[in-house]
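>>> After the sequence you'll find the predicted model.
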Amino acid sequence: MAEDVYKADAEFVSRAHVQGMDCYRALYRRAEEHPEEFWGELAEKELFWFDKWSHVFEWNPPFAKWFVDGKTNVSYNCLDRHLATPRKNKVAILWEGEPGDQRMISYQELHRLVCRFASVLMDRGLKAGDRAIIYMPMIPELPVAMLACARLGIIHSVVFGGFSAEALKTRIQDLEAQVVITADGGWRRGREIPLKKAVDEALAECPTVKDVIVYRRTGTPVEMKEGRDLWWHELDQNATEVCPAVPLDSEHPLYVLYTSGTTGKPKGIVHSTAGYLLQTLMTMKWVFDLREEDTYWCTADIGWVTGHSYIVYGPLAAGATTIMYEGAPDYPAPDRFWRIVEKYRVNIFYTSPTAIRSFIRQGDQWPNGHDLSSLRLLGSVGEPINPAAWEWYYKVIGKERCPIVDTWWQTETGAILISAMPGAVPQKPGSATLPLPGIVPDVVDMSGKPVKPGQEGFLIIRRPWPSMLRTLWGDPRRYEDQYWRRIPGVYLAGDAARRDEDGYFWILGRVDDVMNVSGHRLSTMELESALVRHPSVAEAAVVAKPHEVTGQAVVAFVTLKSGRWDHNSLAQDLRQWVAHEIGGFAKPEQIRFTESLPKTRSGKIMRRLLREIVTTQTVTGDVTTLEDLTVVTRLAAQHDEG
Ligand code: WTA
C-alpha cells in the first residue's frame, strides 16, 4: 500500500502488554473462536466478584446479558480492592483546577471520600435503582459522586456542564431522577459557569426531584431553596466512613448517558455493571498499554462517554493515576496542556483531533517550549483524524518516539472497539487500524453484504460485546429499530467506513443525521427543533459543513415568519437561542436566511442539496442577508419529478 506505516520501536514492544502481530492475532483468534472462555477467564482474573456468574453470556437478539447471575460492584472494583495492595497510597486522581489549584487524591483517600458521600446519599433515602443527575464542573467531587452512586446501585446520569438548563431539564424528566448533584459553578476560560442557576431554572418543571446537593466550588453566592437544596459540606458533617459496596447484579444499570440521535429527542444510552467494567479495564491495558508507574491523562470532559470510560471507570479499575483538568486547553495561554504534561510528567496522553488541529493552528512554539520527554504513547478519539494532523501529533508532540492509537468507539459501545494495540499493530495515519479481541466488525452495503476492500460501506459489528449498550432508557423499541433492525441481526454503528487490503478500518464519518462538531455529537433534528421554537422562525434546516479545526461546523438555513426582521441581529439572537435551548457548544457557525427551503413533493427538506451548497458553495450568499434558494428549490422539484 502507498500510505506510510509506523511501528513502535523495539524498546516499546519489549515492555508492551501485547507484543507483535502474532501475539495480537493469537489473542484475536482465541476471542473469535472461544468467546465464552475468553471473556470468562478475563472476568475471573481481572474483576472482584461477590458471587460468580453462572454463565458468561446470554443473547436474545438484540438483548444481551453478560456474566449472568454474577454479583459485583463497580465502586468496589475501582477502590476497595486496591486498598489491600501497594496501590493504597498511590495517587488515583491527580487534579488541576483552571485557576491552578491542585489536589492529589490517593486510592485510600478517594475511597474515604466516596464512602462519605455514599453514606450521605443513603441517609437521604436513596437506594439501588433510584436515579441521580450529576451536573458538575470537572472537579474530583464529580467522580466521587459517580462512584458513590455506583457503590449503592443508584443509576447516575452525568450531564455535561456545557448543556443549558433546557437540555438539563429534558434529561431529568426523561430519567425521572430523584436527586440532582451539582455545584455553585465551575471555571472555564477564566469565567464562571453558573451551574446552580441552570439547575434552578431546570427544576421549575421537574416534580420527581426531591433533593439538590450543591458542592461549593467557586464560592459565588447562590440561592438555596429551603426544603430542597442542601450543601454538600454540611451533609458531609454527618457522613460516616463505613459504607460497604452493595453487591449488584452484573446487569444492573451503572449509568445512563444521553447522546444525540436522529430525532429531536436525545437517547438515554444504558450501560451495565460487569460487562462495561471489564471491557473498559481491558482496553486500558490493550490500547493504552498501561503500566503501574504511568501517569495517564485523558483530556475529555467527564460529561461525555470518553470521560466516563477513560478518566473514571477504566483507569480506576486498572489502578492507574488519572489526571483530571478542570478548564480550557488555551487558558491562560495556548500551552496549558503542555505545561500539565511537563509538570506531572505525563506518560500517556489521550485527546481529540479537534484539539490537535487547534494546537497546529496556534503554532509549534507552544509545545516546543516544554519538556515533553515523559510521553510514551499518544491517543486520539472522537472524530476521524486527518493524516496531516496525525503526522503533526507524531512529530511535534511525540517526537517520533510515541505510537499513536486512533481509537474508534461510541457512547453506545462503552469501550474502544477498533484501535491499534500499540506494541503489536503497525499504525497508518488516519486509520483506526484493527478490531480489538472479541470485536467482529465489517463494512457492508444496505443489504448487509460485505463490500470489497477499498469500497465504502456501513460499519457494523456482528457480535455482541460485554460493554455494549443494553437498551435505550425507557425505549427498548427505539433501541431495536435504531441499531439492530436496519440491517437485520447486526449492530449498525451509523458510520461510513472502508477497509483496506490489510483489513485496516478507515472511518469516514456519520451516515445519519448526526453531526460531529469538535468531537461532540449533535443531531440535525435536535438543532432544527430548537430553532423552530424561536418565535421568528418558520422553518429550519441544519447541515454540517467541513471545518478546518472542528471537523464539522453547523450551518442553519432558516425561513422566517412574516414580519420585518433585522437579519444581522436576528442571526445573533438565534445563535444565542440555540445556546439557551441546547448549550453554547451547539451554536451554529452560520445562520443563512432564505425565502424557502428545497423540498421533495412530499414536503421533506432535501438536506442533501443544502449540504452540497455549503460544501461546494454553488449558491453563494452573504451570511446575514436573505438568500435566494428558489433556484435550488426548482432544482429540487426537478429531482423529485425525475
Ligand atoms: C466518531 C465518542 C473516526 C464516529 C467516543 C462515532 C470517530 C462517533 C472516532 C461517536 C475515530 C469516534 N475515528 N471517528 N477514532 N472515534 N468517532 O458517541 O462518528 O460521542 O460514531 O463517542 O464519533 O461519538 P460519541
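Yes, it's here. Residues are numbered from 1 along each chain as shown.
>>> Thought residue 396 was touching residue 368, still the case?
Yes - between residue 368 and residue 396 a contact is recorded at 7.4 Å, counting by C-beta atoms under 8 Å. In this view, the C-beta of every residue, glycine as well, is placed from N, C-alpha and C.
>>> Helices along the stretch 501-642 of the chain, start to end?
For the stretch 501-642 of the chain, the helices defined by DSSP state H, counting those that start in this stretch occupy 524-532, 567-581, 607-616, 630-641.
>>> looking at these, which is buried most?
When the helices of the stretch 501-642 of the chain are scored by mean count of other C-beta atoms under 10 Å, the highest mean neighbour count falls to helix 524-532 (a mean of 22).
>>> Next, the contact list for the residue of the stretch 501-642 of the chain found nearest the ligand, please.
Ranking the residues of the stretch 501-642 of the chain by distance to the ligand (C-beta to the nearest ligand atom) places residue 507 first, at 3.6 Å. Going by C-beta atoms under 8 Å, 6 or more residues apart in numbering, residue 507 touches 384, 408, 418, 432, 459, 495, 496, 497.
>>> cutoff 10 Å now
By C-beta atoms under 10 Å, 6 or more residues apart in numbering, the contact set of residue 507 is 383-385, 406, 408, 418, 430-432, 459, 493, 495-498.
>>> near the ligand, from the residues you listed?
When contact is defined as C-beta under 6 Å from any ligand atom, the contacts of residue 507 meet the ligand at 383, 384, 406, 408, 432, 493, 495.
>>> ok, the last one - contacts?
The one in question is residue 495. Per C-beta under 10 Å, 6+ apart, neighbours of residue 495: 384, 408, 410, 443, 458-460, 505, 507-512, 514, 516.
>>> model confidence over the top helix by length along the chain, on average?
Counting residues, the longest helix in the chain under DSSP state H turns out to be helix 107-123. Helix 107-123 carries an average pLDDT of 98.
>>> Next, the angle from the helix or strand following it to helix 107-123.
Once the chain leaves helix 107-123, the next helix or strand it forms, by DSSP states H and E, is strand 131-135. For strand 131-135 against helix 107-123, the angle between stretch directions is 120 degrees (axes from the mean of the first three to the mean of the last three C-alpha atoms, to 10 degrees).
>>> now for strand 131-135, which elements pack on it?
If you count contacts as 3 or more C-beta pairs under 10 Å, 6 or more residues apart in numbering; DSSP states H and E, strand 131-135 packs onto helix 141-152, strand 155-158, helix 165-175, strand 179-183, helix 195-203, strand 211-215, strand 255-259.
>>> Could you verify my assumption that residue 500 touches residue 432?
No - counting by C-beta atoms under 10 Å, residue 500 sits too far from residue 432 to count as a contact (11.7 Å).
>>> What separation do you get for the closest residue to residue 391 other than its chain neighbours and residue 407?
Leaving out its chain neighbours, the residue that sits closest to residue 391 by C-beta to C-beta, 6 or more residues apart in numbering is residue 429, at 5.9 Å. Residue 429 sits 14 Å away from residue 407, going by C-beta to C-beta, to the nearest Å.
>>> Pull out the buried positions in the helix or strand that residue 234 is a member of.
Applying DSSP H and E as the criterion places residue 234 in helix 232-236. By neighbour count with 16 or more other C-beta atoms under 10 Å, helix 232-236 contains the buried residues 232, 235.
>>> what's the answer for stretch 453-466, then?
Neighbour-count burial for stretch 453-466, counted by 16+ other C-beta under 10 Å, picks out 457, 458, 459, 460, 461, 463, 464, 465, 466.
>>> Please apply the same query to stretch 48-63.
Residues of stretch 48-63 classed as buried: 49, 53, 56, 57, 62 (neighbour count, 16+ other C-beta under 10 Å).
>>> For residue 83, give me its contacts.
Per C-beta under 10 Å, 6+ apart, neighbours of residue 83: 89, 106, 107, 108, 111.
>>> So which bits of this structure are right by the ligand?
For the chain, the residues in contact with the ligand (C-beta under 6 Å from any ligand atom) are 259, 304-306, 381-384, 406-411, 432, 493-495, 507, 509-510, 516, 521.
>>> Go again with 8 Å.
259, 304-306, 353, 380-385, 406-413, 418-419, 432, 493-495, 507-510, 514, 516, 519-521 (C-beta under 8 Å from any ligand atom).
>>> Which members of those residues occur in strands, if any?
Among these, the ones falling in strands (DSSP state E) are 259, 380-381, 406-407, 493-495, 507-510, 514, 516, 520-521.
>>> Tell me how many other residues surround residue 450.
13 (other C-beta atoms under 10 Å).
>>> likewise residue 216?
Residues near residue 216, counting by other C-beta under 10 Å, number 16.
>>> Hmm, residue 235 and it touching each other?
No - counting by C-beta under 10 Å, residue 216 does not reach residue 235; the two are 11.9 Å apart.
>>> quick revisit: now, of the ones in strands among the residues of the chain next to the ligand, which are buried?
Neighbour-count burial (16+ other C-beta under 10 Å) is assigned, among these, to 259, 380-381, 406-407, 493-495, 507, 509-510, 514, 516, 520-521.
>>> which two from the residues you listed end up farthest apart in space?
259 and 406 (20.8 Å; C-beta to C-beta).
>>> returning to what we had before: got JSON lines for the helices of the stretch 501-642 of the chain, with mean pLDDT and distance to residue 82 too?
Shown next, in JSON lines, are the helices of the stretch 501-642 of the chain (pLDDT from 0 to 100; distance: least, C-beta to C-beta, whole Å):
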{"stretch": "helix 524-532", "mean pLDDT": "93", "distance to residue 82": "40"}
{"stretch": "helix 567-581", "mean pLDDT": "95", "distance to residue 82": "41"}
{"stretch": "helix 607-616", "mean pLDDT": "85", "distance to residue 82": "50"}
{"stretch": "helix 630-641", "mean pLDDT": "56", "distance to residue 82": "61"}
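>>> so can I have CSV of those showing distance to residue 540?
Formatted as CSV, the helices of the stretch 501-642 of the chain follow (distance: least, C-beta to C-beta, whole Å):
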stretch, distance to residue 540
helix 524-532, 4
helix 567-581, 9
helix 607-616, 11
helix 630-641, 16
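>>> Those helices: which one's closest to residue 555?
Across those, closest to residue 555 is helix 607-616 (C-beta to C-beta), at 4.9 Å.
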